[in-house]
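Engineer: My questions concern the predicted model and sequence given below.
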Amino acid sequence: MADLEKLPVTVITGFLGSGKTTLIRHLMQNAGGKKLAVVVNEFGDVGVDGEILKSCAIPDCPEENIVELANGCICCTVADDFIPTIEALMAMEPRPDHIVIETSGLALPKPLLKAFDWPAIRSKITVDGVIAVADAEAVAAGRFAPDVARVDAQRAADDSLDHETPLSEVFEDQISCADIVLLTKPDLAGAEGLAKARAVIEAEAPRPLPMVEVAEGVVDARVILGIGAAAEDDLAARPSHHDGADDHDHEDFDSVVIDLPEITDPADLVARIERLAKEQKILRVKGYAAVAGKPMRLLVQAVGARVRHQFDRPWKPGEARAGRMVVIAEHNDIDTAAIRAVLAPEAVAAQ
(Lines give C-alpha, C1' and ligand atoms only; values in the text may rest on other atoms or scores of the structure.)
Protein backbone atom coordinates (compact mmCIF):
# COMPACT_ATOMS: atom_id res chain seq x y z
CA MET A 1 0.00 0.00 0.00
CA ALA A 2 2.91 2.36 0.73
CA ASP A 3 3.99 2.19 -2.90
CA LEU A 4 0.48 3.07 -4.05
CA GLU A 5 0.57 6.22 -1.93
CA LYS A 6 3.84 7.49 -3.33
CA LEU A 7 3.65 10.61 -5.47
CA PRO A 8 4.70 9.71 -9.04
CA VAL A 9 7.42 11.70 -10.81
CA THR A 10 8.20 11.58 -14.52
CA VAL A 11 11.66 12.64 -15.64
CA ILE A 12 11.83 14.15 -19.14
CA THR A 13 15.35 13.96 -20.51
CA GLY A 14 16.72 14.60 -23.97
CA PHE A 15 19.35 16.21 -26.09
CA LEU A 16 19.52 19.94 -26.72
CA GLY A 17 16.52 21.24 -28.59
CA SER A 18 14.88 17.83 -28.84
CA GLY A 19 11.46 19.18 -27.88
CA LYS A 20 11.16 18.62 -24.12
CA THR A 21 9.54 21.98 -23.38
CA THR A 22 7.07 21.60 -26.24
CA LEU A 23 6.14 18.16 -24.92
CA ILE A 24 5.56 19.46 -21.39
CA ARG A 25 3.44 22.35 -22.66
CA HIS A 26 1.19 19.79 -24.33
CA LEU A 27 1.09 17.61 -21.20
CA MET A 28 0.12 20.57 -19.03
CA GLN A 29 -2.89 21.26 -21.22
CA ASN A 30 -3.81 17.61 -21.87
CA ALA A 31 -3.09 15.76 -18.64
CA GLY A 32 -6.38 13.88 -18.53
CA GLY A 33 -7.59 15.63 -15.40
CA LYS A 34 -4.38 15.13 -13.42
CA LYS A 35 -3.08 18.09 -11.41
CA LEU A 36 0.54 18.52 -12.50
CA ALA A 37 3.55 20.23 -11.01
CA VAL A 38 6.58 20.94 -13.17
CA VAL A 39 10.24 21.35 -12.16
CA VAL A 40 12.50 22.90 -14.80
CA ASN A 41 16.26 22.54 -14.40
CA GLU A 42 17.95 25.13 -16.62
CA PHE A 43 21.59 25.09 -17.71
CA GLY A 44 22.96 28.61 -17.38
CA ASP A 45 22.19 31.71 -15.40
CA VAL A 46 18.78 32.65 -16.79
CA GLY A 47 15.58 30.64 -16.97
CA VAL A 48 13.86 30.54 -20.36
CA ASP A 49 12.04 27.19 -20.41
CA GLY A 50 10.34 28.00 -17.09
CA GLU A 51 9.01 31.27 -18.48
CA ILE A 52 7.72 29.50 -21.58
CA LEU A 53 5.80 27.00 -19.44
CA LYS A 54 4.45 29.63 -17.05
CA SER A 55 3.02 31.51 -20.02
CA CYS A 56 0.68 28.57 -20.72
CA ALA A 57 -0.28 27.68 -17.14
CA ILE A 58 -3.83 26.39 -16.64
CA PRO A 59 -5.96 25.58 -13.55
CA ASP A 60 -4.71 21.97 -13.42
CA CYS A 61 -1.12 23.24 -13.58
CA PRO A 62 -1.14 26.81 -12.22
CA GLU A 63 1.89 29.07 -12.35
CA GLU A 64 2.79 28.40 -8.71
CA ASN A 65 3.16 24.69 -9.60
CA ILE A 66 5.96 25.49 -12.06
CA VAL A 67 9.35 25.76 -10.39
CA GLU A 68 12.68 26.71 -11.96
CA LEU A 69 15.98 25.47 -10.56
CA ALA A 70 18.73 27.42 -12.29
CA ASN A 71 21.52 27.12 -9.70
CA GLY A 72 23.16 24.14 -11.33
CA CYS A 73 22.33 20.52 -12.06
CA ILE A 74 19.68 19.30 -9.61
CA CYS A 75 21.58 16.09 -8.97
CA CYS A 76 24.53 18.23 -7.79
CA THR A 77 22.41 20.46 -5.54
CA VAL A 78 20.19 17.81 -3.97
CA ALA A 79 20.18 19.05 -0.38
CA ASP A 80 20.06 22.76 -1.19
CA ASP A 81 17.56 22.85 -4.05
CA PHE A 82 16.06 19.57 -5.17
CA ILE A 83 14.80 18.06 -1.89
CA PRO A 84 13.27 21.33 -0.59
CA THR A 85 11.55 21.88 -3.93
CA ILE A 86 10.04 18.39 -3.98
CA GLU A 87 8.95 18.71 -0.36
CA ALA A 88 7.32 22.08 -1.07
CA LEU A 89 5.39 20.65 -4.03
CA MET A 90 4.23 17.68 -1.94
CA ALA A 91 2.98 20.05 0.77
CA MET A 92 0.82 22.07 -1.63
CA GLU A 93 -2.95 22.20 -1.21
CA PRO A 94 -4.25 20.66 -3.30
CA ARG A 95 -1.31 18.30 -3.68
CA PRO A 96 -0.27 17.61 -7.28
CA ASP A 97 -1.24 14.22 -8.70
CA HIS A 98 2.01 14.00 -10.66
CA ILE A 99 5.32 15.86 -10.86
CA VAL A 100 7.13 16.30 -14.17
CA ILE A 101 10.85 17.15 -14.13
CA GLU A 102 12.42 18.66 -17.25
CA THR A 103 16.17 18.14 -17.02
CA SER A 104 18.71 20.33 -18.73
CA GLY A 105 19.62 19.10 -22.20
CA LEU A 106 23.11 18.49 -20.86
CA ALA A 107 22.05 16.53 -17.77
CA LEU A 108 22.81 12.89 -17.05
CA PRO A 109 19.61 11.27 -15.79
CA LYS A 110 21.00 8.48 -13.63
CA PRO A 111 22.48 10.70 -10.88
CA LEU A 112 19.07 12.34 -10.64
CA LEU A 113 17.42 8.96 -10.13
CA LYS A 114 19.87 8.28 -7.30
CA ALA A 115 18.69 11.49 -5.63
CA PHE A 116 15.28 9.87 -5.08
CA ASP A 117 16.93 7.55 -2.58
CA TRP A 118 17.44 10.41 -0.13
CA PRO A 119 15.84 9.55 3.24
CA ALA A 120 13.71 12.72 3.27
CA ILE A 121 11.68 11.65 0.22
CA ARG A 122 12.34 8.02 -0.69
CA SER A 123 9.28 6.68 1.14
CA LYS A 124 6.99 9.38 -0.28
CA ILE A 125 7.82 9.57 -3.96
CA THR A 126 8.61 7.28 -6.89
CA VAL A 127 10.03 7.75 -10.38
CA ASP A 128 7.06 6.70 -12.49
CA GLY A 129 9.17 6.73 -15.63
CA VAL A 130 12.04 8.29 -17.56
CA ILE A 131 11.11 9.69 -20.97
CA ALA A 132 13.94 10.33 -23.44
CA VAL A 133 13.07 12.87 -26.11
CA ALA A 134 15.23 12.43 -29.22
CA ASP A 135 15.32 14.65 -32.30
CA ALA A 136 14.95 12.00 -34.99
CA GLU A 137 16.63 14.08 -37.69
CA ALA A 138 19.66 14.80 -35.49
CA VAL A 139 19.99 11.19 -34.37
CA ALA A 140 19.75 9.96 -37.95
CA ALA A 141 22.41 12.48 -38.99
CA GLY A 142 24.82 11.17 -36.32
CA ARG A 143 25.49 14.47 -34.61
CA PHE A 144 26.90 12.88 -31.47
CA ALA A 145 30.48 12.60 -32.75
CA PRO A 146 32.61 14.70 -35.11
CA ASP A 147 32.75 11.87 -37.69
CA VAL A 148 30.45 9.01 -36.77
CA ALA A 149 31.39 6.72 -39.66
CA ARG A 150 35.07 7.00 -38.86
CA VAL A 151 34.49 6.40 -35.16
CA ASP A 152 32.40 3.32 -35.93
CA ALA A 153 35.13 1.99 -38.21
CA GLN A 154 37.78 2.51 -35.53
CA ARG A 155 35.63 0.78 -32.93
CA ALA A 156 35.14 -2.18 -35.23
CA ALA A 157 38.88 -2.42 -35.83
CA ASP A 158 39.98 -2.02 -32.21
CA ASP A 159 37.68 -2.36 -29.21
CA SER A 160 40.19 -0.53 -27.00
CA LEU A 161 39.69 2.74 -28.88
CA ASP A 162 37.17 5.22 -27.48
CA HIS A 163 36.49 8.29 -29.59
CA GLU A 164 33.18 9.32 -28.07
CA THR A 165 32.60 13.00 -27.61
CA PRO A 166 30.88 14.35 -24.48
CA LEU A 167 27.69 14.81 -26.50
CA SER A 168 27.59 11.15 -27.44
CA GLU A 169 27.94 10.13 -23.81
CA VAL A 170 25.08 12.40 -22.80
CA PHE A 171 22.86 10.95 -25.51
CA GLU A 172 23.75 7.34 -24.70
CA ASP A 173 23.19 7.85 -20.98
CA GLN A 174 19.77 9.36 -21.65
CA ILE A 175 18.75 6.43 -23.85
CA SER A 176 20.14 3.88 -21.38
CA CYS A 177 18.10 5.38 -18.57
CA ALA A 178 14.83 5.64 -20.49
CA ASP A 179 11.59 3.69 -20.24
CA ILE A 180 10.19 5.19 -23.45
CA VAL A 181 11.86 7.15 -26.27
CA LEU A 182 9.90 9.84 -28.10
CA LEU A 183 11.16 10.51 -31.63
CA THR A 184 10.42 14.15 -32.37
CA LYS A 185 10.36 16.17 -35.60
CA PRO A 186 9.39 13.16 -37.74
CA ASP A 187 8.48 15.47 -40.62
CA LEU A 188 12.05 16.73 -40.85
CA ALA A 189 13.54 13.25 -40.53
CA GLY A 190 11.30 11.57 -43.12
CA ALA A 191 10.70 7.84 -43.30
CA GLU A 192 14.34 7.02 -43.99
CA GLY A 193 15.58 9.24 -41.17
CA LEU A 194 13.10 7.77 -38.70
CA ALA A 195 14.19 4.25 -39.58
CA LYS A 196 17.84 5.21 -39.13
CA ALA A 197 17.14 6.95 -35.81
CA ARG A 198 15.34 3.85 -34.54
CA ALA A 199 18.31 1.69 -35.54
CA VAL A 200 20.77 4.00 -33.74
CA ILE A 201 18.70 3.98 -30.55
CA GLU A 202 18.17 0.21 -30.66
CA ALA A 203 21.94 -0.24 -30.94
CA GLU A 204 22.59 2.05 -27.95
CA ALA A 205 19.78 0.85 -25.68
CA PRO A 206 20.69 -1.77 -23.04
CA ARG A 207 17.24 -3.34 -23.40
CA PRO A 208 14.34 -3.14 -25.87
CA LEU A 209 12.64 0.27 -25.61
CA PRO A 210 9.31 1.39 -27.01
CA MET A 211 9.71 4.29 -29.43
CA VAL A 212 6.88 6.66 -30.32
CA GLU A 213 6.90 9.29 -33.08
CA VAL A 214 5.77 12.68 -31.76
CA ALA A 215 5.18 15.87 -33.75
CA GLU A 216 4.98 19.25 -31.94
CA GLY A 217 4.88 17.52 -28.54
CA VAL A 218 1.48 15.93 -29.16
CA VAL A 219 1.24 12.60 -27.34
CA ASP A 220 -1.50 11.01 -25.25
CA ALA A 221 -0.63 11.55 -21.58
CA ARG A 222 -1.60 7.94 -20.90
CA VAL A 223 1.39 6.82 -22.93
CA ILE A 224 3.98 8.53 -20.73
CA LEU A 225 2.28 9.14 -17.37
CA GLY A 226 1.38 6.20 -15.14
CA ILE A 227 4.11 3.82 -16.34
CA GLY A 228 4.84 2.63 -12.80
CA ALA A 229 8.50 1.91 -13.53
CA ALA A 230 9.80 2.68 -10.01
CA ALA A 231 13.06 3.60 -11.76
CA GLU A 232 14.81 4.44 -8.46
CA ASP A 233 14.70 0.70 -7.65
CA ASP A 234 15.86 -0.35 -11.11
CA LEU A 235 19.19 1.45 -11.43
CA ALA A 236 21.22 -1.64 -12.34
CA ALA A 237 19.24 -2.00 -15.57
CA ARG A 238 20.10 1.58 -16.54
CA PRO A 239 23.87 1.61 -17.20
CA SER A 240 25.80 4.86 -17.46
CA HIS A 241 29.22 5.89 -18.73
CA HIS A 242 29.70 7.37 -15.28
CA ASP A 243 28.82 4.33 -13.17
CA GLY A 244 31.28 3.98 -10.32
CA ALA A 245 32.15 7.66 -10.28
CA ASP A 246 31.53 9.58 -7.09
CA ASP A 247 30.15 12.50 -9.05
CA HIS A 248 29.87 13.73 -12.60
CA ASP A 249 31.40 16.59 -14.48
CA HIS A 250 29.56 19.37 -16.33
CA GLU A 251 32.74 21.17 -17.35
CA ASP A 252 32.51 19.79 -20.90
CA PHE A 253 29.88 22.47 -21.56
CA ASP A 254 29.58 26.15 -20.84
CA SER A 255 27.01 28.88 -21.33
CA VAL A 256 27.01 32.63 -21.71
CA VAL A 257 24.10 35.04 -21.24
CA ILE A 258 23.83 37.89 -23.73
CA ASP A 259 21.57 40.89 -23.02
CA LEU A 260 20.06 42.31 -26.20
CA PRO A 261 18.82 45.85 -26.83
CA GLU A 262 15.53 46.22 -28.69
CA ILE A 263 15.83 44.90 -32.25
CA THR A 264 14.11 46.07 -35.42
CA ASP A 265 14.19 42.94 -37.60
CA PRO A 266 13.73 39.36 -36.30
CA ALA A 267 15.18 38.01 -39.54
CA ASP A 268 18.45 39.79 -38.79
CA LEU A 269 18.61 38.15 -35.34
CA VAL A 270 17.97 34.75 -36.92
CA ALA A 271 20.79 35.36 -39.40
CA ARG A 272 23.14 36.24 -36.53
CA ILE A 273 22.31 33.02 -34.70
CA GLU A 274 22.83 30.99 -37.88
CA ARG A 275 26.21 32.70 -38.27
CA LEU A 276 27.16 31.74 -34.71
CA ALA A 277 26.32 28.10 -35.36
CA LYS A 278 28.48 28.02 -38.47
CA GLU A 279 31.44 30.04 -37.23
CA GLN A 280 31.69 29.18 -33.53
CA LYS A 281 30.23 25.66 -33.14
CA ILE A 282 27.34 26.84 -31.00
CA LEU A 283 25.07 23.99 -29.89
CA ARG A 284 22.03 25.83 -28.59
CA VAL A 285 20.60 29.33 -28.30
CA LYS A 286 17.39 30.09 -26.42
CA GLY A 287 15.86 33.27 -25.12
CA TYR A 288 13.68 36.20 -26.05
CA ALA A 289 13.91 39.59 -27.74
CA ALA A 290 12.02 42.88 -27.87
CA VAL A 291 11.05 43.97 -31.38
CA ALA A 292 10.51 47.68 -32.00
CA GLY A 293 6.86 48.50 -32.54
CA LYS A 294 5.63 45.07 -31.43
CA PRO A 295 3.66 44.62 -28.17
CA MET A 296 4.54 40.93 -27.96
CA ARG A 297 7.78 39.31 -26.79
CA LEU A 298 9.69 37.32 -29.43
CA LEU A 299 10.64 33.84 -28.22
CA VAL A 300 13.71 32.34 -29.94
CA GLN A 301 14.99 28.76 -29.79
CA ALA A 302 17.79 27.36 -31.92
CA VAL A 303 19.57 24.05 -32.30
CA GLY A 304 22.71 24.59 -34.33
CA ALA A 305 21.74 26.60 -37.39
CA ARG A 306 18.05 25.62 -37.14
CA VAL A 307 16.25 28.62 -35.62
CA ARG A 308 12.60 28.86 -34.60
CA HIS A 309 10.92 32.03 -33.37
CA GLN A 310 7.43 33.19 -32.46
CA PHE A 311 5.71 35.90 -30.45
CA ASP A 312 4.74 34.17 -27.21
CA ARG A 313 3.14 36.77 -24.91
CA PRO A 314 2.62 40.51 -24.41
CA TRP A 315 5.21 42.44 -22.46
CA LYS A 316 4.01 42.89 -18.88
CA PRO A 317 3.31 46.38 -17.49
CA GLY A 318 6.56 47.85 -16.17
CA GLU A 319 8.64 45.04 -17.68
CA ALA A 320 11.82 46.22 -19.38
CA ARG A 321 11.62 45.77 -23.14
CA ALA A 322 14.97 44.08 -23.52
CA GLY A 323 16.10 40.71 -24.79
CA ARG A 324 18.23 37.99 -23.29
CA MET A 325 19.79 34.93 -24.90
CA VAL A 326 21.47 31.88 -23.37
CA VAL A 327 24.16 30.44 -25.65
CA ILE A 328 25.47 26.93 -24.97
CA ALA A 329 28.53 25.27 -26.48
CA GLU A 330 31.19 22.77 -25.57
CA HIS A 331 33.60 24.33 -23.10
CA ASN A 332 36.49 24.84 -25.51
CA ASP A 333 34.24 26.52 -28.09
CA ILE A 334 32.89 29.32 -25.88
CA ASP A 335 34.25 32.75 -26.86
CA THR A 336 32.10 35.23 -24.94
CA ALA A 337 33.45 38.34 -26.64
CA ALA A 338 32.97 36.89 -30.13
CA ILE A 339 29.45 35.71 -29.31
CA ARG A 340 28.49 39.11 -27.93
CA ALA A 341 29.97 40.83 -31.00
CA VAL A 342 27.71 38.78 -33.28
CA LEU A 343 24.50 38.80 -31.24
CA ALA A 344 24.67 42.32 -29.80
CA PRO A 345 27.08 44.40 -31.90
CA GLU A 346 25.23 47.62 -31.01
CA ALA A 347 25.82 47.04 -27.30
CA VAL A 348 29.49 46.25 -27.90
CA ALA A 349 29.95 49.40 -30.00
CA ALA A 350 28.36 51.52 -27.26
CA GLN A 351 30.83 50.35 -24.63
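Structural biologist: Here it is on my side, so go on.
Engineer: Give me the neighbour count for residue 114.
Structural biologist: 13 (other CB atoms under 10 Å). (Glycine included, C-beta is placed from N, CA and C.)
Engineer: packing partners for whatever helix or strand it lives in?
Structural biologist: Of the helices and strands defined by DSSP states H and E, residue 114 is found in helix 109-115. Judged by 3 or more CB pairs under 8 Å, 6 or more residues apart in numbering; DSSP states H and E, helix 109-115 is in contact with strand 7-14, strand 125-135, helix 166-177.
Engineer: The first one vs strand 125-135, what angle?
Structural biologist: The directions of strand 7-14 and strand 125-135 differ by 20 degrees, with axes from the mean of the first three to the mean of the last three CA atoms, to 10 degrees as the criterion.
Engineer: Which helix or strand lies directly C-terminal to strand 7-14?
Structural biologist: helix 20-29.
Engineer: Kindly report the same for the second one.
Structural biologist: Counting by DSSP H and E, the next helix or strand C-terminal to strand 125-135 is helix 136-141.
Engineer: Other residues contacting that following helix?
Structural biologist: Residues from elsewhere that reach helix 136-141 (CB atoms under 8 Å, 6 or more residues apart in numbering): 15, 18, 171, 183-186, 188-189, 192-194, 196-197, 200-201, 213, 303.
Engineer: let's see 10 Å
Structural biologist: For helix 136-141, contacts defined as CB atoms under 10 Å, 6 or more residues apart in numbering pick out 15-19, 134-135, 143-144, 148, 171, 175, 181-190, 192-201, 204, 211, 213-214, 303-304, 306.
Engineer: hmm, back to that, export the helices and strands packed on helix 109-115 to CSV and append columns for mean pLDDT.
Structural biologist: Converted to CSV, the helices and strands packed on helix 109-115 look like this (pLDDT from 0 to 100):
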stretch, mean pLDDT
strand 7-14, 92
strand 125-135, 92
helix 166-177, 82
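Engineer: These: which one's closest to residue 317?
Structural biologist: strand 7-14 (32.9 Å; CB to CB).
Engineer: Relative to the closest one, what are the paired strands and their orientations?
Structural biologist: Here strand 7-14 has these sheet partners by DSSP bridges: strand 98-102 (parallel), strand 125-135 (parallel).
Engineer: what angle do the helix ranked longest in the chain and strand 125-135 make?
Structural biologist: Across the chain, the longest stretch assigned as helix under DSSP state H is helix 186-204. If you take the same axes, to 10 degrees, helix 186-204 sits at 120 degrees to strand 125-135.
Engineer: What strand or helix carries residue 181?
Structural biologist: Going by DSSP H and E, residue 181 is part of strand 180-184.
Engineer: can you give me the offset of that strand from its chain's centre?
Structural biologist: Mean-position distance between strand 180-184 and its chain equals 13 Å (CA atoms, centre = their mean, to the nearest Å).
Engineer: Give the partner strands of that strand in its sheet and their orientations.
Structural biologist: strand 125-135 (parallel), strand 211-214 (parallel).
Engineer: Nearest to residue 91 among those strands would be which one?
Structural biologist: Closest among the strands paired with strand 180-184, using CB to CB: strand 125-135, at 12.4 Å.
Engineer: chain center to the closest one: distance?
Structural biologist: 12 Å.
Engineer: residue ranges with poor pLDDT in the chain?
Structural biologist: Residue ranges of the chain with pLDDT under 70: 1-4, 16, 42-65, 67-81, 105-106, 143-166, 242-254, 303, 330-333, 347-351.
Engineer: Spell out, range by range, the strands that occur in it.
Structural biologist: 7-14, 36-41, 66-69, 98-102, 125-135, 180-184, 211-214, 253-260, 284-290, 296-303, 306-314, 323-330 (DSSP state E).
Engineer: can you put those in JSON lines and add distance to residue 344 and mean neighbour count?
Structural biologist: Shown next, in JSON lines, are the strands of the chain (distance: least, CB to CB, whole Å; neighbours: other CB atoms under 10 Å):
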{"stretch": "strand 7-14", "distance to residue 344": "29", "mean neighbour count": "25"}
{"stretch": "strand 36-41", "distance to residue 344": "25", "mean neighbour count": "26"}
{"stretch": "strand 66-69", "distance to residue 344": "24", "mean neighbour count": "20"}
{"stretch": "strand 98-102", "distance to residue 344": "28", "mean neighbour count": "25"}
{"stretch": "strand 125-135", "distance to residue 344": "28", "mean neighbour count": "25"}
{"stretch": "strand 180-184", "distance to residue 344": "31", "mean neighbour count": "26"}
{"stretch": "strand 211-214", "distance to residue 344": "35", "mean neighbour count": "18"}
{"stretch": "strand 253-260", "distance to residue 344": "5", "mean neighbour count": "18"}
{"stretch": "strand 284-290", "distance to residue 344": "10", "mean neighbour count": "23"}
{"stretch": "strand 296-303", "distance to residue 344": "13", "mean neighbour count": "21"}
{"stretch": "strand 306-314", "distance to residue 344": "16", "mean neighbour count": "15"}
{"stretch": "strand 323-330", "distance to residue 344": "9", "mean neighbour count": "22"}
